[in-house]
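[1] Kindly return the folded structure for what I paste below:
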Amino acid sequence: MDMADKQDVRTAALVVGPDGVVSGWSESGRLLLGWTAEATVGRPLADLLAAPPPPGFPENHDGGADHAGLMPLRHRDGSTVDALVSTHPLLGPDGRALGHVVTVQRWERRPVIADLAFEQCPFALGVYDPELRFLWINASSGRVIAHSEEQVLGKKYREVLPEFDRSLFPERDDKPYTDQLAEVARTGRAARLITVFQPRGSDYANAWATSIWPVRDAEGRVRAVANWGFDMSAEYWARQRLLILNEASAGIGRTLDVIGTARELATTSVPSFIDVVTVDLFDEVLRGEEPPSVSEFTPGETIVLTRAARHSAKEDADRAPRPTTPVSHTPGSVAARCMTTGRSTVQLAAEPGEGGEWAFGPGLASDPAHWPPGNPLVDASIAADGLTGRITVPLRARGALLGVVAFSRSERPEAFTADDLILAEELTAKAAVAIDNARRYSRERTTALTLQRSLLPQGLPSQEAAEVASRYRPAGTDAEVGGDWFDVIPLSGARVALVVGDVVGHGLHAAASMGRLRTAVRTLADVDLPPDELLTHLDDLVIHLASDLRPADHFQPTGEFGATCLYTVYDPVSRRLTLASAGHPLPLIISPDGTTTPVDAQPGPPLGIGGLPFEATELELPEGSLLALYTDGLVESRERDVDQGIADLLRLLNHAATSLESLCDTVMDAMLPEHRTDDAALLLARTHALDPQHVADWDIEPDPAQVPRARKFTLDQLEAWGLEEASFVTELVVSELVTNAIRYGEPPIRLRLIRDTSLICEVSDASNTAPHLRRARAFDEGGRGLLLVAQLTQGWGTRHTTDGKTIWCAQTLTEPEPR
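    All right, here's what the predicted structure looks like:
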């Protein structure tokens with residue numbers, strides 16, 4: 001037989017009797033090995049072997065059961081043929097063994113090699129029919145599903161492997177795999193996917209990379225679906241850890257709030273990494289103060305923290321303890337030890353491996369050398385809390401201990417790995433820096449807020465020109481304090497100044513700048529400057545402030561120290577409102593009938609620009625008009641623009657509200673979002689008009705003979721008002737002021753008496769020369785008039801107008817009558 005015939009033969013068959021002697025030979029045997037039937041029948045089968053046969057081969061081999069094995073056979077030409085020899089018992093009618101049927105397959109032939117290669121492949125291989133019935137699986141696939149080939153052949157996938165409860169194990173669902181099998185069978189298009197599921201009989205969820213392709217017959221019809229997959233758990237979980245860290249980078253530290261950051265750490269870790277997370281912080285951290293030093297702990301001391309956050313994959317967030325819940329860590333506890341030593345601890349409820357070895361699941365590191373000293377620690381006590389494992393990590397930032405974090409597993413049976421510890425420490429480190437930043441910010445914000453509140457009016461001054469109410473609300477806890485401010489300043493002549501402003505920027509600088517501007521406005525208001533002139537002086541002050549704060553070696557734009565301001569003056573005698581704006585929104589005015597009074601004014605530039613004028617606008621208001629002065633933080637937000645905010649504010653301003661305090665609360669609650677990023681101030685005023693019967697004036701000729709007449713006019717008016725007890729002082733004051741106006745002023749000269757909460761005397765003339773106090777010498781004939789006025793009254797001053805000046809003084813009335 002030539003070599004071509006030998007290579008073309010794949011399989012041969014023969015019959016062997018119970019005694020191991022060949023009793024039947026086939027032509028395929030001659031073609032495969034070169035021996036004829038005459039040369040082999042009657043001879044022991046062992047004579048065909050090129051090596052000693054296995055014990056009892058073939059008559060008693062493997063107890064008479066089927067057996068296959070590789071054996072070298074002798075070819076007639078002297079060569080050796082490696083073959084897969086299979087023995088099958090040959091039974092008679094009575095069940096007695098009559099011998100064996102032996103099949104021989106050449107090992108070098110591809111079908112034989114392929115069968116063994118696929119069977120021994122470390123990857124999971126399987127073939128299904130179009131209805132997803134098992135046609136074949138290899139040994140690796142059998143180990144994955146914990147079933148042998150014989151157990152699954154002819155059965156549908158779901159008959160063998162029911163679905164997981166995805167509500168309990170959403171990450172262990174193999175439904176995508178079966179869906180993809182059905183899709184390939186339906187469409188005939190190959191597919192690849194990664195699935196995470198828990199193999200039967202395993203305590204670990206594994207990630208599998210799978211390729212699925214259709215198997216077609218000669219006509220191209222899909223007759224089966226085949227797949228292969230391999231365990232890529234190590235790569236998959238490493239990637240998942242990176243994704244968790246990436247999510248933590250974006251999700252932790254989004255707000256400058258200690259409690260909020262602690263909650264971000266807890267929610268970021270659940271459920272992708274852990275089942276339960278608790279974050280315990282020192283009270284000092286929650287208050288924005290410096291945390292205690294580890295050296296301050298005394299041995300045996302119980303460490304009391306506050307549970308800042310707790311998040312569980314199973315519990316409702318509403319059931320979690322409130323941030324005020326105290327938590328005590330007793331001496332010797334894992335948490336206390338972690339805080340005092342600064343080292344993390346991993347606790348496992350039980351040792352999952354056999355023979356004292358740790359088991360970490362397929363594809364994961366199992367070398368204990370990867371663990372830091374002392375880890376992991378077997379602690380059966382945590383099972384009483386329903387936990388399978390816990391990682392406790394001290395929360396440290398910039399060398400300070402802030403608290404402790406516990407990462408616990410309850411639903412997952414997997415033991416922690418050294419990589420899990422690294423991930424927990426990375427998450428904690430990110431959170432620690434963010435929490436410490438929030439703590440430092442909270443301290444600065446509290447300082448700025450305290451400073452700002454101390455610089456704002458603690459109570460609005462008593463005055464009769466208008467009923468006023470105000471509200472101020474700082475920005476949310478994740479934003480710095482701004483420079484919004486307001487003020488109510490009583491002026492001469494029963495007038496009142498209503499002021500609101502906003503300093504550019506946030507933080508301590510803005511609060512301090514606001515205090516400077518408010519003080520400056522009060523000082524300028526005492527001089528009784530008109531609104532436009534007052535803003536001009538205030539503009540110069542802001543420019544000087546910018547120059548003082550600018551570093552000598554670095555140019556800093558003046559605009560960074562700018563501000564806006566609205567200054568208004570209301571006169572209850574004339575019912576006129578005079579206003580000027582430096583880049584600030586104009587007030588909203590609602591008449592007593594509910595109509596909106598337009599304010600025909602153009603705001604000037606913000607303070608700090610310099611070189612541009614401010615214009616004053618004057619309006620006459622009906623008594624009972626409602627004024628609303630506000631900062632842009634009230635009407636502008638991320639949810640709406642300024643115009644929409646002003647329209648919303650107008651709808652909320654109920655002119656008929658009986659209480660301005662309640663109206664302020666209503667407006668602030670409705671206008672401000674929960675998470676506001678800017679301060680907001682609101683000042684409401686309802687104007688009053690002074691009764692004409694409480695105002696008396698008289699034109700005076702520039703003649704000294706008019707002084708006695710002025711005194712008599714005054715005494716008559718006080719008598720009409722029932723204020724005879726004030727006659728002596730008022731007569732003397734009027735005499736001095738009128739005498740000075742006649743002697744040093746310019747006509748026209750006018751005397752006005754106003755009865756309000758105080759008795760006000762005003763003498764006006766056309767001269768711009770302002771009088772001033774001076775100390776008269778012993779023999780001086782004059783110079784004592786203003787000194788007497790200052791001593792006899794509770795206040796006096798000079799008010800400049802467009803056509804001259806007014807000297808005024810005020811006396812407090814012991815029992816002022818209501819209007």
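
[2] can you pull out the strands in the stretch 401-550 of the chain?
    In the stretch 401-550 of the chain, the strands defined using DSSP state E, counting those that start in this stretch lie at 466-473, 483-490, 496-503.

[3] again with the stretch 251-400 of the chain
    Along the stretch 251-400 of the chain, the segments classed as strands by DSSP E, counting those that start in this stretch run 276-281, 303-312, 326-329, 345-348, 377-378, 389-397, 400-409.

[4] Out of those, the one nearest Gly611 is which?
    When the strands of the stretch 251-400 of the chain are compared by Cβ to Cβ, strand 389-397 sits nearest Gly611, at 48.6 Å. Placement of C-beta: from N, CA and C, glycine included.

[5] and the closest one, what's its mean pLDDT?
    Taken as a whole, strand 389-397 has an average pLDDT of 93.

[6] swap in stretch 255-268?
    The predicted confidence, averaged over stretch 255-268, sits at 88.

[7] Check stretch 406-423 too.
    Taken as a whole, stretch 406-423 has a mean pLDDT of 83.

[8] Report the distance from it to the chain centre.
    When C-alpha coordinates are averaged (Cα atoms, centre = their mean, to the nearest Å), stretch 406-423 and its chain have centres 25 Å apart.

[9] go on, stretch 258-271?
    Stretch 258-271 has its C-alpha centroid displaced from the chain centroid by 9 Å (Cα atoms, centre = their mean).

[10] Check which residues of that stretch are buried.
    Buried residues in stretch 258-271, counting neighbours by 16 or more other Cβ atoms under 10 Å, are found at 258-266, 268-271.

[11] Tell me the one of the residues you listed nearest Arg96?
    When these are compared for distance to Arg96 (Cβ to Cβ), Pro271 wins out at 63.8 Å.

[12] how much space is there between the closest one and Thr261?
    The gap separating Pro271 from Thr261 is 20 Å, by Cβ to Cβ, to the nearest Å.

[13] on that earlier part again, got the buried residues of stretch 258-271 as CSV, with distance to Thr340 columns?
    Converted to CSV, these look like this (distance: Cβ to Cβ, whole Å):
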residue, distance to Thr340
Val258, 22
Ile259, 25
Gly260, 28
Thr261, 24
Ala262, 21
Arg263, 26
Glu264, 27
Leu265, 22
Ala266, 24
Thr268, 27
Ser269, 24
Val270, 27
Pro271, 31
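
[14] Can I get the strands of the stretch 401-550 of the chain in CSV including mean pLDDT and mean neighbour count?
    Conversion of the strands of the stretch 401-550 of the chain to CSV gives the following (pLDDT from 0 to 100; neighbours: other Cβ atoms under 10 Å):
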stretch, mean pLDDT, mean neighbour count
strand 466-473, 89, 20
strand 483-490, 86, 24
strand 496-503, 91, 26
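
[15] so which of the ones you listed comes closest to Asn768?
    When those are ranked by distance to Asn768, counting by Cβ to Cβ, first place goes to strand 496-503 at 22.0 Å.

[16] Give me the angle between the closest one and strand 466-473.
    Relative orientation of strand 496-503 versus strand 466-473 (axes from the mean of the first three to the mean of the last three Cα atoms, to 10 degrees): 20 degrees.

[17] same for strand 496-503, what does it pack against?
    Contact partners of strand 496-503 among helices and strands, from 3 or more Cβ pairs under 8 Å, 6 or more residues apart in numbering; DSSP states H and E: strand 466-473, strand 483-490, helix 508-526, strand 563-571, strand 626-630, strand 680-687.

[18] So what's the gap between that strand and the chain middle?
    On the basis of Cα atoms, centre = their mean, strand 496-503 sits 35 Å off its chain's mean C-alpha point.

[19] orientation of that strand relative to strand 626-630 in degrees?
    What separates the directions of strand 496-503 and strand 626-630 is an angle of 30 degrees, with the same axes, to 10 degrees.

[20] Note down every partner strand of strand 496-503 and its orientation.
    Based on DSSP bridges, the pairing partners of strand 496-503 within the sheet are strand 483-490 (antiparallel), strand 563-571 (antiparallel).

[21] re the thing from before, could you export the strands of the stretch 251-400 of the chain to JSON lines, including columns for mean neighbour count?
    Rendered in JSON lines, the data for the strands of the stretch 251-400 of the chain read as follows (neighbours: other Cβ atoms under 10 Å):
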{"stretch": "strand 276-281", "mean neighbour count": "26"}
{"stretch": "strand 303-312", "mean neighbour count": "22"}
{"stretch": "strand 326-329", "mean neighbour count": "16"}
{"stretch": "strand 345-348", "mean neighbour count": "23"}
{"stretch": "strand 377-378", "mean neighbour count": "12"}
{"stretch": "strand 389-397", "mean neighbour count": "25"}
{"stretch": "strand 400-409", "mean neighbour count": "25"}
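
[22] can you put these in CSV and add distance to Lys805?
    Putting those into CSV (distance: least, Cβ to Cβ, whole Å) gives the following:
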stretch, distance to Lys805
strand 276-281, 64
strand 303-312, 64
strand 326-329, 67
strand 345-348, 82
strand 377-378, 88
strand 389-397, 64
strand 400-409, 63
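
[23] Might you report the residue contacts of the residue most central in space within the chain?
    Nearest to the centroid of the C-alpha atoms of the chain, with distances taken as Cα atoms, centre = their mean, sits Arg254, at 3.9 Å. Contact analysis of Arg254 by Cβ atoms under 8 Å, 6 or more residues apart in numbering lists Gly260, Glu264.

[24] Got the phi and psi for it?
    phi -70, psi -20 (degrees, to the nearest 10).

[25] Lys430 versus that one, what's the distance?
    12 Å.

[26] Ok, Pro130 next?
    From Pro130 over to Lys430 (counting by Cβ to Cβ), the distance is 50 Å.

[27] out of the two, which sits in the more crowded spot?
    Lys430 (21 against 17; other Cβ atoms under 10 Å).

[28] who touches the more buried one in this structure?
    When the contact criterion is Cβ under 8 Å, 6+ apart, the partners of Lys430 are Leu245, Ala248, Ser249, Ile252, Gly253, Leu265.

[29] what two of the residues you listed are the furthest from one another?
    Farthest apart among those by Cβ to Cβ are Leu245 and Gly253. That separation is 13.3 Å.

[30] Which residue of the two possesses the greater neighbour count?
    Set side by side, Leu245 and Gly253 give different neighbour counts by other Cβ under 10 Å, the larger being at Gly253 (20 against 15).

[31] what about the residue nearest to Glu620 when sequence neighbours are not counted, neighbour count?
    For Glu620, the nearest residue in space outside its immediate sequence neighbours is Arg576; the separation is 5.3 Å by Cβ to Cβ, 6 or more residues apart in numbering. Look at Arg576: counted by other Cβ under 10 Å, it has 14 neighbours.

[32] per-residue confidence for Arg576?
    With respect to pLDDT, Arg576 has a value of 92.

[33] for Pro816, same thing?
    What the model reports for Pro816 is a pLDDT of 46.

[34] Got the domain ranges for the protein?
    Under automatic domain parsing, the residue ranges defining each domain of the chain are 3-109, 121-231, 241-446, 458-687, 692-812.
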